[in-house]
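Using only what follows, build the 3D model:
(chains A and B)
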Amino acid sequence: MTILNAAEMDALAARHLDLLHRSTWQRFRIPIIATAVLLYFMFAWWFFAVGKVVGGANWSLAGNYLADWVSYEIRPDIEIATDGSMQIAYPRFDPIGPNPNPAWLDAKRETVTRTIEIPATSSPSVPRPPSSSFSFMAPAPTQQDATAESAPTSETRTEEVVTEAVVEMGPSRIIDIQPDRVTLSRGSETVTLTLDRNADQVLAEGELPEWVAQRSVGGRITAYFGFSGWADISADRVRIRKRFLGWENFFFDTNSAFFGKGFGEVASLIVGGERIDPTQSNLSLAWNDILYNPSWQHLDVWTKLLQTIVMAFIGTLFAMIVAFPLSFIAARNIFRNRPANQLTKRLFDFLRSVDMLIWALFFTRAFGPGPLAGISAIFFTDTGTLGKLYAEALENIDDKQREGVRSVGAPPVTVQRYGVVPQVMPVFASQALYFWESNTRSATIIGAVGAGGIGLKLWEAMRTNSDWENVAYMVLLILLVVFLFDGISNALRSRLIGRDR
Amino acid sequence: MPTSVIKPTLSESGALVERHWQQLASQRRFYTFVSGALLLLVVSGSLWFANETNAGKFFDRLPYFFDFVGQLIPRDGMEVWRALFDLPSPYDDGSLKYNYPEGRLYLTENFYLPEYVHQMLVTLNIAIAATGIGLIFGFMLSFLAAKNMTPNPWVRGPVRRLMELLRAFPEVVIAGFFLAIFSLGPIPALIAVSIHTIGALGKMFFEVIENADMKPDEGLKAVGANWLERSWFGMVPQVMPNFMSYFLLRLEINVRASTIIGAVGGGGIGELLRLSIGQGHEAKTLAIVLLLLLTIIAVDQFSAWLRRRLVGDQAFQAI
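Modelled structure (predicted):
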């Protein structure tokens, strides 16, 4: 190995001056760029007030909403009257069905004779109108309608009341509710609460563990049981929120005849059971009940999804059909007329630059909300984009084939047909396919501004903040469609332009 | 000279070839016809379906189409400028339609930012910040997703699936979810656009890395460089121009995306546009459309110019 002496080193350095003495920019560009990026993000932090917004956010809500995607709550309220008798009531929209008697809520009942006060506020129960399949929160009817309907009187009656309720929130998580005491246990820890209805106080014995919270002495107590829910205890009422994994009533809603039946039972009813509804077979009844399930609205969701797919497909197809001839006019080498080239190119630029959003809003005004607006928006934007790409592809073609076709005396149209189209067609089709695929995604978004499709339905479901499981369902469907179309489009494209693109 | 053309006769094998060719050609014509008919059927079915499920029917609404365009003409040409620069309008009747000066954002005592310019800046900054975040995370993920840098399929597979998920997850849902947590403001839009950008840029980037020249990498491997050094000194210098080019392309797309997300409740200029179109404020609508058009053209031109400087005339089309 040769060892360089000083003179040789200098000679080497003199020959490659640019390597050893780099300019200031070359030497410091990485720290400079990093600093600039950092400064920009600090500016953005200030500009969007990120700290304030994130600090003020309701993070416990976030957890609840996320849990709602894949689970649901059942919410029994246990009212404790002054004489110590209890009533268990479920809210109207609870997905538990008309005859709730869940295994996890063990109520000990007794028949007593007692005097109760009936409030005057209630109105006679009115039969509700049939639930519409086009509003998201179509009410799921429960057993609540026929409650009180008389004037304020006090009355003595003999009835069955609950004297003790034991709620099993999960393995070794139990709430035992007695008229004057509530015992909460979670794992090895047990808390005993005394309910004092005269002073309207809840008193806890001893130190509270961290999963039990009480704001003030004697006030309401909230006990958290992790994912399986929570309970809110005041002197005259215990509110239970028990969470279950899964999507409730996905096939049959509570007012369906098939509600609560297992798969085998439903199948045997369909195959050989007696007609539940004399006017139609059990199969069509079941199918109807699934399609018009008021809390999931399968038919409506599928229709809207199909609208989104149609919007992307038709919009892109028509854009391709229109952009194809226009791009021949826009290409300098094919249509030798500068003003016409420029005019067409500026038209493409205009169509492209007026955002898809603007087109969508305009056409929603013009055609009313629905897929026509979405089709038009995608069509107009993509005519611009595809036209520009096509024109660029045409300007880069190999001229030899056209010359060859022209040299044998072909008329202009034939020259384009046999000299140009075979060269560019794979590229054109592949770009159109790419846009079809990406438009399936963007059609969801412009749908939310009113241009039809599943976007609006998603947006409505999210606005209520209580239908996150429906959002999850639709997201799953959208992901399925997007991945499917991704696959189809990739397969077609790689067939069109060979494996290695 | 004989004028009659002698009809050439084919030899036996020639006739066989000719027959085969005829057969193939007719088969091909048949398939073309069938697929054409199928396409026509699908298209007409789709159009019927779209028209049927739309609120207004196409042919019913068409005669009124230009009525709506007519409604967009402001009372005079200067109204658009007044709306754009928040100048007081002579038609001011106290309604929301002409209250241009109310949106002014005073930066100093007598210098103000017009409302629409301010909101346009919000939208632009959403796009820039989201693209920046997408660049940083996409950059990191792409090295783990590229086959030549991460041969282990148990790392590469999940990273690619993650990027696909980020890309395909509807932005509306992300925006809506964070809107529920953060309440109104541009941050939900920022998060939604960022998440999509991470997936999209990550995919572009790892394809660039997979197409890169592996010779520098081999050289570094030969002198015992570790994975980070190989990535940083062997890969990054050759992929950086392409990365930047895709970054700029994404920026163009994100300016549009953040406008759209803004319209569904994320703040920024998109929301104002939706409101003003919905309420029929013609001067305001035109002012916003004009501003958006100019901004998008400016961003596109700037990005195209910068890309040409970075990667030469190599065409990077919107893919």
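
got the domain boundaries for chain A?
A:69-118+A:140-245, A:298-497 (automatic domain parsing).

Please tell me how far the shortest one is from the chain's geometric centre.
Between the centre of domain A:69-118+A:140-245 and the centre of its chain there are 33 Å (CA atoms, centre = their mean, to the nearest Å).

Go through whichever strand or helix holds residue A:43 and flag the buried ones.
Secondary-structure element containing residue A:43, defined by DSSP states H and E: helix A:24-47. The neighbour-count check on helix A:24-47 (16 or more other CB atoms under 10 Å in any protein chain shown) flags residue A:44 as buried. Every residue, glycine included, has its C-beta placed from N, CA and C.

same thing with stretch A:460-474?
A:460, A:461, A:462, A:467, A:468, A:469, A:470, A:471, A:472, A:473, A:474.

Give me the residues contacting that stretch.
Applying CB atoms under 8 Å, 6 or more residues apart in numbering or on different chains, the set of residues contacting stretch A:460-474 from outside is A:65-66, A:68-72, A:136-137, A:247-248, A:295-297, A:301, A:305, A:454, A:457-458, B:172-173, B:176-177, B:179-180.

Straight-line length of that stretch, end to end?
Using CA to CA, to the nearest Å, the span of stretch A:460-474 from its first residue to its last is 12 Å.

and it, how far out from the chain's middle?
Taking the mean of its C-alpha atoms, stretch A:460-474 sits 6 Å from the chain's own mean (CA atoms, centre = their mean).

Equivalent analysis for stretch B:235-250, please.
Between the centre of stretch B:235-250 and the centre of its chain there are 18 Å (CA atoms, centre = their mean).

any bit of it sitting next to chain A?
No: for stretch B:235-250 and chain A, the contact criterion (CB under 8 Å from any CB of the partner chain) is not met; the two come no nearer than 10.3 Å.

Need the contact partners of that stretch.
Residues from elsewhere that reach stretch B:235-250 (CB under 8 Å, 6+ apart): B:131, B:134-135, B:139, B:143, B:149, B:197, B:200-201, B:204-205, B:208-209, B:212-213, B:216-217, B:303, B:306-307, B:310-311, B:316, B:318.

same thing but 6 Å
Taking CB atoms under 6 Å, 6 or more residues apart in numbering or on different chains as the criterion, the residues outside stretch B:235-250 that touch it are B:131, B:135, B:197, B:201, B:204-205, B:208-209, B:212, B:303, B:306-307, B:310-311, B:316.

what's the closest of those residues to chain A?
Here the nearest of those to chain A, counting by CB to the nearest CB, is residue B:135; it sits at 9.0 Å.

Once you drop chain neighbours, what's closest to that closest one?
Nearest residue to residue B:135, sequence neighbours excluded (CB to CB, 6 or more residues apart in numbering or on different chains): residue B:247, at 5.2 Å.

what does the stretch 1-150 of chain B put close to chain A?
With CB under 6 Å from any CB of the partner chain as the criterion, the stretch 1-150 of chain B meets chain A at residues B:46, B:49-50, B:53-56, B:58, B:61, B:65, B:68, B:125, B:129.

Just the strands from the stretch 1-150 of chain B, written as ranges.
With DSSP state E, counting those that start in this stretch as the criterion, the stretch 1-150 of chain B has strands at B:105-106, B:112-113.

about what we covered before: what would the domains of chain A look like in a markdown table with mean pLDDT?
Shown next, in a markdown table, are those (pLDDT from 0 to 100):
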| stretch | mean pLDDT |
| --- | --- |
| domain A:69-118+A:140-245 | 77 |
| domain A:298-497 | 89 |
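
Name the stretch among those domains that sits most buried.
Of all those, domain A:298-497 carries the top mean neighbour count, a mean of 20, counting by mean count of other CB atoms under 10 Å in any protein chain shown.

Just the endpoints, please. Distance across that domain?
End-to-end distance for domain A:298-497, by CA to CA: 39 Å.

do stretch A:225-242 as well
End-to-end distance of stretch A:225-242 (CA to CA): 9 Å.

quick one: pLDDT of residue A:277?
For residue A:277, the pLDDT comes out at 79.

So which of the buried residues of stretch A:460-474 sit within helices?
Helix and strand membership here follows DSSP state H; of these, those in helices are A:460, A:461, A:462, A:468, A:469, A:470, A:471, A:472, A:473, A:474.

Spatially nearest residue to residue 225, not counting backbone neighbours?
No chain in the question, so chain A it is. Counting by CB to CB, 6+ apart, residue A:225 lies nearest to residue A:169, which is 4.5 Å off, once chain neighbours are set aside.

hmm, I had chain B in mind actually
residue B:233 (7.0 Å).

and if you look at residue A:432?
Across the structure, with CB to CB, 6+ apart as the measure, the residue nearest residue A:432 apart from its sequence neighbours is residue A:320 (4.4 Å).

part of a strand, is that neighbour?
No: secondary structure of residue A:320 (DSSP: H, G, I helix; E, B strand; the rest coil): helix, not part of a strand.

about what we covered before: closest one of the ones in helices among the buried residues of stretch A:460-474 to chain B?
For chain B, the closest of those turns out to be residue A:462, at 3.7 Å, with distances computed as CB to the nearest CB.

so how far is residue B:191 from that closest one?
Using CB to CB, to the nearest Å, one gets 15 Å for the distance from residue A:462 to residue B:191.

what does residue B:77 give?
When CB to CB is applied, the distance between residue B:77 and residue B:191 equals 40 Å.

Equivalent analysis for residue B:219, please.
Between residue B:219 and residue B:191 the distance, using CB to CB, works out to 41 Å.

more crowded one of those two?
More crowded of residue B:219 and residue B:191, by other CB atoms under 10 Å in any protein chain shown: residue B:191, with 22 against 13.

Helix or strand: which one has the more buried one?
Under the criterion of DSSP H and E, residue B:191 resides in helix B:187-210.

circling back to that earlier point, now distance to residue A:208 too, for the buried residues of stretch A:460-474, in TSV please.
What follows is the buried residues of stretch A:460-474, written out as TSV (distance: CB to CB, whole Å):
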residue	distance to residue A:208
A:460	41
A:461	38
A:462	36
A:467	35
A:468	31
A:469	33
A:470	37
A:471	36
A:472	35
A:473	39
A:474	42
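
Verify the contact between residue A:357 and residue B:260 for me.
Yes: using CB atoms under 6 Å, residue A:357 is in contact with residue B:260, at 4.4 Å.

Need the overlap of contacts for those two.
With CB under 6 Å, 6+ apart as the test, residue A:357 and residue B:260 both reach residue B:270.

Return the residues of chain A in contact with chain B.
Applying CB under 6 Å from any CB, one finds that chain A approaches chain B through A:44, A:47-48, A:53, A:57-58, A:61-62, A:307, A:310, A:314, A:353, A:355, A:357-358, A:361, A:365-372, A:375, A:389, A:444-445, A:448-449, A:455, A:458, A:462, A:465, A:475, A:478-479, A:482.

Sort out which of those residues are in helices and list them.
With helices taken from DSSP H, the overlap with the residues of chain A next to chain B comprises A:44, A:47, A:53, A:61-62, A:307, A:310, A:314, A:353, A:357-358, A:361, A:365-367, A:371-372, A:375, A:389, A:444-445, A:455, A:458, A:462, A:475, A:478-479, A:482.

mind putting the residues of the stretch 1-150 of chain B next to chain A in TSV, neighbour count and pLDDT included?
Conversion of the residues of the stretch 1-150 of chain B next to chain A to TSV gives the following (neighbours: other CB atoms under 10 Å in any protein chain shown; pLDDT from 0 to 100):
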residue	neighbour count	pLDDT
B:46	20	92
B:49	16	90
B:50	26	89
B:53	17	85
B:54	22	83
B:55	15	79
B:56	18	77
B:58	16	82
B:61	18	80
B:65	14	77
B:68	15	76
B:125	19	94
B:129	24	95
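
and which of these is nearest to residue B:113?
Sorting those by distance to residue B:113 puts residue B:125 at the head of the list, at 13.2 Å, by CB to CB.

ok, that closest one - contacts?
Counted by CB under 6 Å, 6+ apart, residue B:125 has contacts residue A:47.

Done for today, thanks.
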